[in-house]
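Asks: heads up, no residue letters with this:
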C-alpha cells in the first residue's frame, strides 16, 4: 500500500497517456488506487498486489493484481488493471512477471477480463491465455443523436456498441 501511494502519480500519468481518452473507466485521480485498495467492494476476498516495470525510476508499465479464490475456489491472480503502451514490447515481460508471481505463490491460474474489441485481447491469447467463458452485455445510447455524431467523427471507440462481450481469459 505504501508503494502504491508512492507510485500513484506516475500510475496516473501512465494511465492517461495510454487510456485516458477511451472512457469506460471510473474517473481517475492520484489517490484512486489507494482508495481502491482500501475500499474495494471485494476487499475481503482479494489480496492486492502491484507489479511495475521501471527504468531509472520512471514507471513504464504496471499491473494491479488481486490474489483470490473467490466464487470458484481456484487459487489465482486476477489482473484487475494492466497498463502498458499498446505498441511497446513491455506487455510480455509484464505478463511473464505476473505469471511468475502466481507460481511463487503456488497459484494455479492468472485471469484477466477483456472486452471483445480490446486490442490487448489478442496479445493475451498470443501469450497463452485461453477463453474461460463469455458474458454478453447489451448497451443502448441514452442520447442517440449525440452518439451518432460522435460515431461519425471517430468510430473506433464505438465498435460493436450494441453488443460486446467481456471475455474471461
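Replies: Perfect, I can see it now. Computed from a predicted model, the values in this text were never measured in an experiment. Numbers count the residues shown, from 1 in each chain.
Asks: secondary structure element for the nearest residue to residue 50 once chain neighbours are set aside, which one?
Replies: Take residue 50 and drop its neighbours on the chain: the residue closest to it by Cβ to Cβ, 6 or more residues apart in numbering is residue 4, 5.2 Å away. Using the backbone N, CA and C atoms, a C-beta is placed for each residue, glycine as well. Using DSSP states H and E, residue 4 falls within helix 2-19.
Asks: buried sites along that helix?
Replies: 4, 7, 8, 10, 11, 12, 14, 15 (16 or more other Cβ atoms under 10 Å).
Asks: repeat for stretch 30-38
Replies: Buried, per 16+ other Cβ under 10 Å, within stretch 30-38: 32, 33, 34, 36, 37.
Asks: related to what we said a few turns ago, and the helix holding residue 4, what does it pack against?
Replies: Applying 3 or more Cβ pairs under 8 Å, 6 or more residues apart in numbering; DSSP states H and E, we find helix 2-19 packed against helix 32-39, strand 47-55, strand 58-68, strand 76-83.
Asks: mean pLDDT for these: which is lowest?
Replies: Least confidently modelled of the helices and strands packed on helix 2-19 is helix 32-39, at a mean of 82 by mean pLDDT.
Asks: that one packs against which elements?
Replies: helix 2-19.
Asks: what mean pLDDT would you report for the helix it packs on?
Replies: 86.
Asks: is residue 68 in contact with residue 78, as I believe?
Replies: Yes - using Cβ atoms under 8 Å, residue 68 makes contact with residue 78 at a distance of 6.2 Å.
Asks: joint contacts of these two?
Replies: residue 46 (Cβ atoms under 8 Å, 6 or more residues apart in numbering).
Asks: now residue 77: how far from residue 46?
Replies: Separation of residue 77 from residue 46 (Cβ to Cβ, to the nearest Å): 10 Å.
Asks: tell me which of these two has more neighbours.
Replies: Between residue 77 and residue 46, counted using other Cβ atoms under 10 Å, the more crowded position is residue 77 (26 against 18).
Asks: can you pull the contacts of the more buried one?
Replies: 49, 65, 66, 67, 98, 101, 102, 105, 107, 109, 110, 111.
Asks: is the fourth one in a bridge, and if so with what?
Replies: With DSSP bridges as the criterion, residue 67 is bridged to residue 47, residue 77.
Asks: also the last one?
Replies: The residues listed as beta-bridge partners of residue 111 by DSSP bridges are residue 78.
Asks: what residue is smack in the middle of this protein?
Replies: Centroid check for the chain by Cα atoms, centre = their mean gives residue 81 as the closest residue, at 2.7 Å.
Asks: what's the closest non-adjacent residue to it?
Replies: Excluding its sequence neighbours, the residue lying closest to residue 81 (Cβ to Cβ, 6+ apart) is residue 64, at 4.1 Å.
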